[in-house]
Structure formats: structure tokens, C-alpha cells
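Quick one, fold the following:
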Amino acid sequence: MNPAAATSPMIETLVQLLGEGAVLTADADRAGYEKGWRYGEGRALAVVRPRSSAEVARVLAIAAEHGVPVNPIGANTGLVGASNPDATGEQLLLSLERLSKRIVIDPVDRTVRVDGGVTLSALNAALAEHGLFFPIDLGADPQIGGMVATNTGGTRLLRYGAVRENLLGVEVVLPDGTLVDRMSQLVKDNTGLDWKQLFVGTFGSFGIVTGAVLKVQPLPKQTVTAWVGVNQAQAVLNLLARFERASGGTLSAFEVLSADALDITIRHAANLEQPFDASELPAYAVLVELSTTLEAELLDLDAVLLSTLEAHFEEAEDELADVFPMAPAVAWNLRHHISESLALEGVVLALDIAVPRARMAAFSAAMRAQLASSHPQVRVCDFGHWGDGGSHFNLVWPQDATDDHAALKLELQQLVYDTVVRDYAGSYSAEHGVGPHNQRFYDAYTPDALKAAARALKQHFDPDRRLGRVPLDGTPE
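Below is the predicted model of the structure:
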């Protein structure tokens with residue numbers, strides 16, 4: 001039991017409102033909420049689990065009356081520590097896991113009204129009955145409210161965009177407990193401030209997303225994939241340009257692995273079907289996916305894939321090493337085993353960066369050369385969404401390479417992020433967001449005018465600064 005919670009009048013009030021099973025104060029009950037999926041850990045005063053938007057509003061109003069800070073938590077799959085409590089034991093964690101009943105599908109509008117606690121897998125299972133899906137593809141299973149709050153991207157952002165591009169309306173509870181319903185289904189609404197976008201990617205700093213209206217897409221009737229060996233970084237971009245020109249808008253994913261990332265994955269995931277010869281790996285391996293809602297008699301997608309690759313071979317044979325058409329599930333299995341394979345190799349520093357696509361090859365070459373000179377013990381094992389300019393620029397080194405891994409991580413993080421932002425007009429966080437893990441870089445790189453605007457919004461919505469862990473205004477947490 002958290003001693004502070006045991007004597008808190010606020011906790012007694014919350015138990016009366018929600019019931020004992022909805023207010024968790026024991027250490028063992030809180031533990032699963034206090035530690036992140038990979039990163040982030042703290043200590044909460046208690047965890048509350050409301051069942052409706054009205055209950056969320058009442059919880060925030062009660063917390064405001066008692067001056068207690070609140071941090072929202074979704075499925076806890078984030079990678080920057082934003083959903084976890086700080087170390088004080090004074091924050092109330094508000095989980096939306098029980099706010100997960102509403103899934104109202106409109107097949108004509110191709111929209112869905114959904115509770116913030118509904119998981120992506122549950123949403124897609126319901127949508128599949130109507131031949132639809134929400135096209136944000138991830139390795140995790142987040143809740144919809146968390147996806148809105150973090151502007152989730154994923155492997156098919158190239159085709160469909162991130163959550164921001166697929167959001168029509170939101171229901172939000174503000175820090176004082178005010179419930180605002182803007183669950184619009186309108187695709188066209190040019191009537192002033194776009195309210196919903198204030199809450200996208202701001203990690204619950206301005207309000208808690210308890211509901212959303214999402215655009216959804218028809219399920220593809222055909223999907224084809226191939227792994228392509230490519231001899232150099234610039235050739236990867238040339239292949240991307242070819243598919244965007246020649247595949248008739250069917251390109252839905254374009255994932256890239258460096259030789260180092262591929263080598264480690266092949267060794268540690270040896271039970272997977274491997275397209276490449278481990279003794280002769282290409283500089284880069286590219287996973288190309290095409291998909292369409294057309295039946296095969298109207299469009300032979302296999303033929304589109306192969307003819308596009310054949311045309312590229314004819315014009316740029318020296319750029320490609322080999323091509324392996326594969327069943328999608330088999331092809332993606334290799335891609336999905338990268339992170340766990342790198343973790344088995346040594347210490348991993350995972351850096352989620354983005355640069356303009358046209359500069360990705362130059363950035364990769366320059367960063368590799370710089371690290372080879374300054375940190376020869378570090379291996380660059382980058383992979384990710386080159387199709388949208390994103391890269392998981394992961395660095396790996398042996399456990400015995402240093403006695404102070406934390407210091408080396410900070411040094412390398414600063415080096416890479418400075419290069420990305422200042423030399424290549426890029427982002428230190430392509431899709432993971434800000435959070436406590438990236439706060440100091442937000443403070444360092446964000447223009448003062450933007451921080452001032454965020455400060456004004458925070459002051460408007462949350463003048464007592466009680467909600468969330470991400471001070472987007474540059475004020476220390």
C-alpha cells in the first residue's frame with residue numbers, strides 16, 4: 001500500500017465514485033502501470049480506472065479540488081516515458097483501459113466513433129467485419145486515446161499518413177474536469193481553429209482524449225511483398241522513386257535495413273525464413289510492399305511488382321544485388337524481429353530520427369564516417385521507414401566496451417541529434433514523441449516562438465500545471 005494514498009481524503013472520494021476495484025493503491029497493483037514497455041519508471045500515488053468519459057471528468061475535477069497532479073496512461077507502449085509517473089509518488093495515474101466499449105462504425109462515411117481506451121487490435125477486429133481497417137500499423141497494441149495523444153505513425157505512414165491525417169474529431173476532458181465533445185464526422189469543416197489538432201502529439205499535456213472519430217480504409221484485396229538487396233544508400237532512394245512513379249499508387253510500405261542490422265537479425269532469429277545469404281549481405285535490404293483494393297482480374301499486383309523491379313534492373317543493374325518475392329507474413333516476420341535481435345547483441349541506443357528523404361543517404365554516410373572515427377566500438381544498425389524519411393538509427397556496442405554505458409548513451413545521443421537537427425534539417429523524434437526522455441532536446445532545438453505559443457496554451461488549459469509529464473512550453477518539469 002502506498003502510505004500517502006492510505007491517508008488521502010481524495011482517494012476515499014475516488015473510491016466512493018468509482019468503486020474499490022477502480023482505485024489501485026497497493027504496490028503490487030500499481031506496479032504494472034508504473035513501469036514502461038521498454039523505458040520509463042516511477043511511483044504513483046494511485047491508479048484510477050474510470051469507465052466513462054463522465055467519470056474521467058469527475059476524477060479530474062476531484063484531483064483539481066485537492067491540487068493533485070494527474071498523468072494519463074494508455075496501453076503503456078510508448079518509448080519516451082511520457083505515460084509513466086515521476087519518482088515523487090504524488091501523481092495520480094489515470095488509466096483509460098476500462099473506457100473501451102464504444103466502437104460505432106459508419107461504413108458509408110467510412111468513419112468510426114471509438115472510446116479512448118479501445119485497443120488498435122480490438123478496433124481492427126470490429127472493422128474487419130465491414131471490410132475496413134484503421135491503417136496505422138505498429139509492432140505494439142496501443143489504445144486509441146494514446147495514439148491520438150502521441151500522433152502514432154508506423155510502417156504504412158507512407159501510404160496513409162499518421163493519426164493526425166486520419167482524425168476527424170475528438171472528445172477531450174480538460175484539466176479542470178470540463179468535458180468537451182467535438183466528435184465530428186465531417187471531412188470538410190473550414191470554420192476556424194482546428195480544435196482536435198491541439199491534442200494530437202501533445203501527450204495529454206492539454207487534455208485527456210477520451211474519444212475519437214477516425215477515418216478508416218477498405219481492407220486490401222491483394223498485398224504483395226519482396227525483399228530487395230541494394231548496393232548503396234542513394235540506390236535505395238532511386239528504387240523508392242521508381243516505385244512511386246511506376247506502381248500506380250499501390251506502394252504501401254518501404255522499409256530499409258542496413259547490412260549491420262540485417263546481419264544481427266539473421267544470426268539471432270535463425271529460425272526465420274531468410275532471403276539473404278549471410279555470407280554476402282547487401283549494403284541495404286529493402287522490404288517493398290504493394291497493396292490494392294482491386295481484385296486480381298482487374299489488376300495483377302504480382303505483375304506490377306515484378307515489372308517495376310525488372311525495369312529498374314534494366315536501367316540500373318549495378319544498384320541492385322538481388323530480389324526475393326515472398327509471402328507478406330514471411331517477409332514482415334524478418335522486419336519485426338530486428339529490435340529484439342539487436343538487444344541480444346549488446347547495449348542498444350535506439351534513436352528515432354527523421355531527415356528529408358532526399359538527404360537520408362548523405363546523412364547515413366556522414367554519420368557512419370563520423371562514428372567510425374570517434375567511436376569505433378559502436379556499430380550502426382539502422383533500419384526503418386525510409387519511405388517517409390524516418391529511421392531507427394540504432395547504435396549497438398558490446399557490454400564490456402565501457403564501464404559507463406549511461407554516459408556513452410548521452411554522448412552519442414547528443415552527437416547524433418545535433419547532426420540530424422542542425423546539419424540535415426531533421427527531427428530528433430520522428431514518431432516516438434517528446435516525453436521526459438526527449439525533453440532536453442525539445443528545449444534545446446525548439447524555437448522560442450513555438451515554446452511561447454505552447455506556454456500560452458498550457459496556461460489557458462492547465463494554469464496550475466497539474467496534467468501530464470510533457471511541458472511543451474520549455475518550462476522545467
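
Every contact and neighbour count from this point should use C-alpha atoms.
Will do.

What's opposite K35 in the beta bridge?
With beta bridges defined as DSSP bridges, K35 has these partners: E41.

For it, give its distance to A372.
Counting by CA to CA, to the nearest Å, the gap between K35 and A372 amounts to 35 Å.

So which of the two has more stuff around it?
K35 (18 against 14; other CA atoms under 10 Å).

I'd say that one and G42 touch.
Yes: with contact defined as CA atoms under 8 Å, K35 and G42 form a contacting pair (6.6 Å).

after the helix or strand containing I353, next one along is what?
Assessed by DSSP states H and E, I353 sits inside strand 352-354. Once the chain leaves strand 352-354, the next helix or strand it forms, by DSSP H and E, is helix 360-374.

now what about that next one, what contacts it?
Among residues not part of helix 360-374, those counted as contacts by CA atoms under 8 Å, 6 or more residues apart in numbering are A233, Q234, L237, V378, V380, W386, G389, V416, T419, V420, Y424.

can you list the weak-confidence ranges in the stretch 1-150 of the chain?
1, 3-7 (pLDDT under 70).

now the strands for it?
Ranges of strands in the stretch 1-150 of the chain, per DSSP state E, counting those that start in this stretch, are 23-24, 44-48, 70-73, 91-95, 103-106, 111-115, 132-133.

Quick one: list the elements packing against the fifth one.
Think strand 103-106. Strand 103-106 is packed against strand 111-115, helix 120-128, with contacts defined by 3 or more CA pairs under 8 Å, 6 or more residues apart in numbering; DSSP states H and E.

would CSV of those with mean neighbour count be doable?
Formatted as CSV, the helices and strands packed on strand 103-106 follow (neighbours: other CA atoms under 10 Å):
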stretch, mean neighbour count
strand 111-115, 24
helix 120-128, 17
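
Bridging across strands, which residues link to V172?
The bridge-partner assignment for V172, based on DSSP bridges, gives V180, V209.

neighbours of it, just the number please.
By other CA under 10 Å, the residues close to V172 number 28.

Quick check: it touching F206?
No: using CA under 8 Å, V172 is not in contact with F206, being 9.2 Å away.

what's the offset of stretch 321-336 from the middle of its chain?
Computed by CA atoms, centre = their mean, to the nearest Å, the chain-centroid distance of stretch 321-336 equals 23 Å.

Quick check: buried residues in it?
Across stretch 321-336, burial judged by 16 or more other CA atoms under 10 Å covers A321, D322, V323, P325, M326, P328, A331, W332, L334, R335.

for stretch 452-469, same thing?
Using 16+ other CA under 10 Å as the test for burial, stretch 452-469 gives A454, R455, L457, K458, F461, D462, R465, R466, L467, G468, R469.

what do you get for stretch 362-379?
By 16+ other CA under 10 Å, the buried positions in stretch 362-379 come out as F363, S364, M367, R368, L371, V378, R379.

avg pLDDT for it?
Averaged over stretch 362-379, pLDDT sits at 96.

that older thread, so which residues make contact with the strand holding I353?
For strand 352-354, contacts defined as CA under 8 Å, 6+ apart pick out 389-394, 417, 420, 426-432.

D176: helix or strand, and which one exactly?
Per DSSP H and E: D176 is located in neither a helix nor a strand.

Centre of the chain to stretch 238-250, how far?
Per CA atoms, centre = their mean, the displacement of stretch 238-250 from the mean C-alpha position of its chain is 25 Å.

Restricting to C-alpha, output it in CSV.
Output in CSV follows, covering the C-alpha atoms of stretch 238-250 (Å, rounded to 0.1, in the frame of the first residue of the first chain):
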residue,chain,number,x,y,z
ASN,A,238,16.4,5.7,-56.5
LEU,A,239,14.4,2.4,-56.0
LEU,A,240,11.8,4.3,-53.9
ALA,A,241,11.4,6.9,-56.7
ARG,A,242,10.9,4.2,-59.2
PHE,A,243,8.1,2.5,-57.2
GLU,A,244,6.3,5.8,-56.5
ARG,A,245,6.4,6.6,-60.3
ALA,A,246,5.6,3.2,-61.7
SER,A,247,3.4,1.3,-59.2
GLY,A,248,0.2,3.2,-59.8
GLY,A,249,-0.2,4.4,-56.2
THR,A,250,-0.1,0.9,-54.8
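
what comes into contact with that stretch?
L251, F254, L290, S291, T292, V304, L305, T308, H312, G387.

Stretch 285-302 too?
Contacts of stretch 285-302 with the rest of the structure, by CA under 8 Å, 6+ apart, involve 218-230, 236, 247, 250-259, 262, 305, 328, 331.

Compute the first-to-last residue distance for it.
20 Å.

How about stretch 366-382?
Stretch 366-382 stretches 14 Å from its first residue to its last (CA to CA).

shared neighbours of K35 and G42, anything?
Both K35 and G42 are in contact with N84, where contact means CA under 8 Å, 6+ apart.

for the record, mean pLDDT for stretch 425-439?
For stretch 425-439, mean pLDDT is 89.

same check, this time on stretch 329-343
93.

ok, residues contacting that stretch?
139, 225-227, 261-262, 264-265, 268-269, 272-274, 287, 348, 396.
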